[in-house]
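Trainee: output the structure for:
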Amino acid sequence: MRVLAIVFIVFAFAQPYTGSLSDSNTGNNRLISMYIDNSNSMSAKGSNGELLSQSKTNAKDIIQQFPGNQKFIIVSNELNGIQQRTLSQNEALYEIDQINYTPIQRNINTILNWQHEISQKELNVNHNLKNFSYILLSDFQRDFFKLGNIKKDLKSKYNLIQFTPEKKSNCFVDSVWFETPIHRIDEENELFFRIVNKSNSEIINLEVSIETNDFTKDLFVDIPENNELTSSVLIKNSSVGQVYGKIEIRDPIMYWDDIFYFSYKIEPEIKVLIINGEDNENYISKALSTERFIQAEELNQKSVNRNTFNDKSLIILNGINDISSGLIADINSFSSMGGSVFIVPGQKANNPNINKLMKMMELPSFGGVRDIKLNANNVVFKDPFFKSIFEKSDESLNLPNYQKIYNCDYKNSSAIPLMFLRDESPVFFKSFKRSFALYSDLSTESSNLVNRSIFPVICLRIAELSKRNNSLYTIIGQSQLIPITNDYKSETPVKIRNKNTEFIPKIIQNGSYEFIDLSGAEAIEKLKPGNYTIEADKTIGSLSLNIDRKESSIDYMSIEGIAKALKSKKLKNIEVDQFSKKFDIKKINLNLPQEYWRICIFIVIICIVSEILISKLWKN
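Mentor: So this is what the prediction gives:
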């Protein structure tokens, strides 16, 4: 036994193994590319803490299984230039520790193609590389498991480890909106919000907190399983200026999507520009003058330039029969910036230039003038335009009589008719571009509209709805241009700022107007959800940012589905495992040589113990 023990001690120190010698002694012929999903969905709680924390620990355990001279590439959702470097074992462990959550969302197709591309670059530099291994650690949400143009790979080894929450449940605020876009001091406006329950159990007494500058309210709601709830609160504003708000819930499983930010502005006045054409009438300015918060400026059509549009919310074309191409372009740019346009035709408005503008405003073109003697008899009271102004189907309302109207082919238009004559001819439209139009001029020979109570109501309502309010919120990374005022010193950079973040966004110029673009990768990486001010040499606006709720899904791929999908793309050597408390890191085939020195030590111990026992039994 003693001789046998000595023999196996010698074997142990020799460190016998099976496999390629080059695999054990050098890392020069093999490259390990490891992807760690650090999207927000990985903040869900797993069996041993948050999924990202578990995956980072697991990744470090895997790396430490390799020889000390093995080279690695560590990849996360940023896919930046730094992550293209090959790393030693210690450098790889350090980089894993630096990985934190990011709002950047990537699908598996993008990740694998990026890994393949970097591996190919390394092969061009290091011709000794023969083996590539790809390790992916993620929750593998179904929405992001997109496999498009992945290249066929029959040689490389793929190990995918799935991390899933201990409880598949999530509740989040999906969106917010107001009943009306009009915000006035000391008047209540109803704020609606939608909360989604992505779980198989009902949520009872979920706490919801709503906060604005001078308003706070907590309430409790119940949401059925796999359903959504729309609720609301009345908010009363006590002062003019910018209002910042947020809605917050408390979800114990996944918390990154628990807060939804929004903001809006209460303007002290509405500024209107009336552009008078050849057949202008003074009835519009008289109607607007009845409200103190409306400031109207009148100009002749020939005196208008783009600078006169500054700080205006509404442009009214009053009695126009023709329009220049330059003014058409300026009005179109004004509309693109969120401004409203109200078109009141003259008596000869059936003009190609006018109709070009009508098309841009998504309104029906003016056709020929039709003589007619009919009363208006149908007002679309259900439309939000007339909400809270008239009682439904108000029979006491004295509607106008028309003698002349413009024909229009409204059935081929997306515009919405709001008032009809008895023969169902429409005479008032609104479009989705915040534009409005009458289809008769204002002369008393054409109608008695200006002598009816509905006329000043239409004018004042259009002015109210024209208030320029940026979107209540913006989703970081989406292609959405945010209009800003150009009333600042041009040499001063525009910045988005709050207490924790300062960011210089991309500015897009369109004529005399400027827009902020937050669709780039830099914006996604550096901006966090929250309420911000837009600043140059002074504060020029506000912004509320939220993260896309697409990651709020709890629909995950199965390990069988992952393997089947990848094999269908001609990826041959695939192993998919699901992480759990009992997960054994040795289950992963790392293609390492099989070492036997531990077995030799065990045999030595058995030999020594056996000799001692035999010696004692022999004496007895």
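Trainee: a helix runs through residue 110, doesn't it?
Mentor: Yes. Checked against DSSP: H, G, I helix; E, B strand; the rest coil, residue 110 lies within a helix.
Trainee: and it, what pLDDT?
Mentor: According to the prediction, residue 110 has pLDDT 91.
Trainee: would you map the strands across the stretch 501-620 of the chain?
Mentor: Assigned by DSSP state E, counting those that start in this stretch, the stretch 501-620 of the chain shows strands spanning 502-503, 506-510, 513-517, 530-535, 539-546, 571-578, 594-595.
Trainee: closest to residue 275 out of these?
Mentor: Smallest distance to residue 275 across the strands of the stretch 501-620 of the chain (C-beta to C-beta): 18.3 Å, for strand 513-517. Quick note: C-beta positions are derived from backbone N, CA and C, even for glycine.
Trainee: show me what that closest one is packed against.
Mentor: In terms of contacts (3 or more C-beta pairs under 8 Å, 6 or more residues apart in numbering; DSSP states H and E), strand 513-517 is packed against helix 325-336, strand 481-484, strand 506-510.
Trainee: out of the ones you listed, which gets nearest to residue 152?
Mentor: For these, proximity to residue 152 was assessed by C-beta to C-beta; strand 506-510 is nearest, at 38.0 Å.
Trainee: relative to strand 513-517, how tilted is that closest one?
Mentor: Put simply, strand 506-510 runs at 150 degrees to strand 513-517, going by axes from the mean of the first three to the mean of the last three C-alpha atoms, to 10 degrees.
Trainee: list the contacts of strand 506-510.
Mentor: Contact with strand 506-510 is made by 333, 336, 481, 494, 514, 515, 516, 517, 518, 520, 523, as judged by C-beta atoms under 8 Å, 6 or more residues apart in numbering.
Trainee: can I get it as PDB, trimmed to CA atoms?
Mentor: Extracted in PDB, the C-alpha atoms of strand 506-510 (Å, rounded to 0.1, in the frame of the first residue of the first chain):
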ATOM      1  CA  LYS A 506     -28.400  66.300 -31.200                       C
ATOM      2  CA  ILE A 507     -30.200  69.400 -32.700                       C
ATOM      3  CA  ILE A 508     -31.900  69.200 -36.100                       C
ATOM      4  CA  GLN A 509     -32.600  72.300 -38.000                       C
ATOM      5  CA  ASN A 510     -35.700  72.600 -40.200                       C
END
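Trainee: what's the angle from it to helix 325-336?
Mentor: Orientation note: strand 506-510 sits at an angle of 150 degrees relative to helix 325-336 (the same axes, to 10 degrees).
Trainee: hmm, back to that, would you convert the strands of the stretch 501-620 of the chain into a markdown table that also reports distance to residue 196, mean neighbour count and mean pLDDT?
Mentor: Listed next are those as a markdown table, based on distance: least, C-beta to C-beta, whole Å; neighbours: other C-beta atoms under 10 Å; pLDDT from 0 to 100:
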| stretch | distance to residue 196 | mean neighbour count | mean pLDDT |
| --- | --- | --- | --- |
| strand 502-503 | 29 | 14 | 94 |
| strand 506-510 | 32 | 12 | 84 |
| strand 513-517 | 29 | 18 | 85 |
| strand 530-535 | 21 | 19 | 94 |
| strand 539-546 | 14 | 20 | 91 |
| strand 571-578 | 26 | 17 | 86 |
| strand 594-595 | 50 | 12 | 61 |
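Trainee: tabulate the ones you listed (CSV), appending distance to residue 290.
Mentor: Shown next, in CSV, are those (distance: least, C-beta to C-beta, whole Å):
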stretch, distance to residue 290
strand 502-503, 44
strand 506-510, 35
strand 513-517, 31
strand 530-535, 34
strand 539-546, 31
strand 571-578, 70
strand 594-595, 91
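Trainee: for the nearest residue to residue 483 once chain neighbours are set aside, give its distance to residue 447.
Mentor: Distances taken as C-beta to C-beta, 6 or more residues apart in numbering place residue 337 nearest to residue 483, at 4.4 Å, with adjacent residues excluded. Distance, residue 337 to residue 447, by C-beta to C-beta, to the nearest Å: 33 Å.
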